[in-house]
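Participant: output the structure for:
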Amino acid sequence: MELKSVIESRRSIRKFLPDPIPDEYINEILDAARLAPSGGNIQPWRFVVIKNPEAREKLNDFTLGFVANAPVTIVCCSDLDASRSYRERYKELRKAGAFEGVVLDMPKSSIQKTNVMNIDQIKGSLNLNTAIAVEHMVLRATDLGLGSCWVMMFNRKELASWLQLDNNLYPFCLLPIGFANQKPLPRPRKSLDEIIVKVI
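Facilitator: Okay, the predicted model is just below:
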């Protein structure tokens with residue numbers, strides 16, 4: 001499918017057919033996340049793929065009812081330790097030539113006195129990067145003829161405990177995926193005039 005068509009046809013799907021998703025499709029979707037950009041190339045996203053029927057049913061204890069009906073749900077996590085690899089990732093970028101011929105100087109007036117972020121800022125930055133990867137998955141799923149839906153309403157603490165996630169893995173969102181059993185109409189969207197503040 002052409003990218004513009006993928007973007008235009010994407011919908012949040014909450015009703016799924018019971019048909020299983022081929023493993024190669026799941027791998028394609030996860031690979032789309034792997035290829036997503038991230039600040040400093042730190043790639044903080046980590047995933048738990050839930051497709052076993054009993055495990056899917058258990059999701060009812062933690063989130064909205066429709067999620068368990070999807071043949072696959074991907075628990076999208078942010079690795080809170082990922083920022084520790086920034087220096088290593090930065091060296092990789094330099095080695096790959098990412099900054100060749102690029103001016104990286106900032107005006108002194110723009111440089112903050114400290115580059116140290118608090119834990120909430122770090123988590124926010126990591127989650128932002130994970131969100132980019134999730135949207136890559138959403139678009140690839142659409143391209144493969146599948147439906148999906150961002151789900152942010154779930155009990156993170158209890159889900160993390162059930163999955164026995166390490167403390168550094170923060171469950172950011174759930175992404176149920178499957179063949180759609182509904183054809184939602186396009187959602188209302190603001191016009192370009194409403195979202196463009198100004199063109200200078």
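
Participant: what number of residues lie near L165?
Facilitator: By other CB atoms under 10 Å, the residues close to L165 number 17. Heads up, the C-betas are built off the backbone N, CA and C, glycines and all.

Participant: secondary structure element for it?
Facilitator: Using DSSP states H and E, L165 sits in no helix or strand.

Participant: list the contacts of it.
Facilitator: Going by CB atoms under 8 Å, 6 or more residues apart in numbering, L165 touches 48, 77, 171.

Participant: distance-wise, check the first one relative to I21.
Facilitator: Taken as CB to CB, to the nearest Å, the spacing of V48 relative to I21 amounts to 16 Å.

Participant: strands of this structure, start to end?
Facilitator: Under the criterion DSSP state E, the chain contains strands at 45-50, 72-79, 147-148, 169-178.

Participant: just put the contacts of L165 in TSV and tack on pLDDT.
Facilitator: Below are these laid out as TSV (pLDDT from 0 to 100):
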residue	pLDDT
V48	98
C77	98
P171	98
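
Participant: highest neighbour count among those?
Facilitator: Among the contacts of L165, the one with the most neighbours (other CB under 10 Å) is C77, at 25 neighbours.

Participant: among the strands of the chain, which is nearest V134?
Facilitator: strand 72-79 (5.2 Å; CB to CB).

Participant: tell me the confidence at the closest residue to P44 other than its chain neighbours?
Facilitator: Closest residue to P44 apart from its sequence neighbours, by CB to CB, 6 or more residues apart in numbering: A82 at 3.5 Å. Note on A82: pLDDT of 94.

Participant: how near is the residue nearest to L35 when sequence neighbours are not counted to Q182?
Facilitator: Distances taken as CB to CB, 6+ apart place H136 nearest to L35, at 6.8 Å, with adjacent residues excluded. From H136 over to Q182 the distance is 23 Å, taken as CB to CB.

Participant: does the residue nearest to L35 touch S38 like I think?
Facilitator: No. Between H136 and S38 there is no contact under CB atoms under 8 Å: 10.9 Å.

Participant: how far away is the residue nearest the centre of the chain from E54?
Facilitator: Per CA atoms, centre = their mean, the C-alpha nearest to the average position across the chain is that of V134, at 2.0 Å. According to CB to CB, V134 stands 25 Å off from E54.

Participant: okay, the strands of the chain, which one's buried deepest?
Facilitator: Mean neighbour count, computed with mean count of other CB atoms under 10 Å, is highest for strand 147-148 among the strands of the chain, reaching a mean of 26.

Participant: just to revisit the earlier point, what about the residue nearest to L35, neighbour count?
Facilitator: 20.

Participant: who's in contact with it?
Facilitator: Per CB under 8 Å, 6+ apart, neighbours of H136: 32-33, 35-36.

Participant: rerun that using 10 Å as the cut-off
Facilitator: 29-37, 45 (CB atoms under 10 Å, 6 or more residues apart in numbering).
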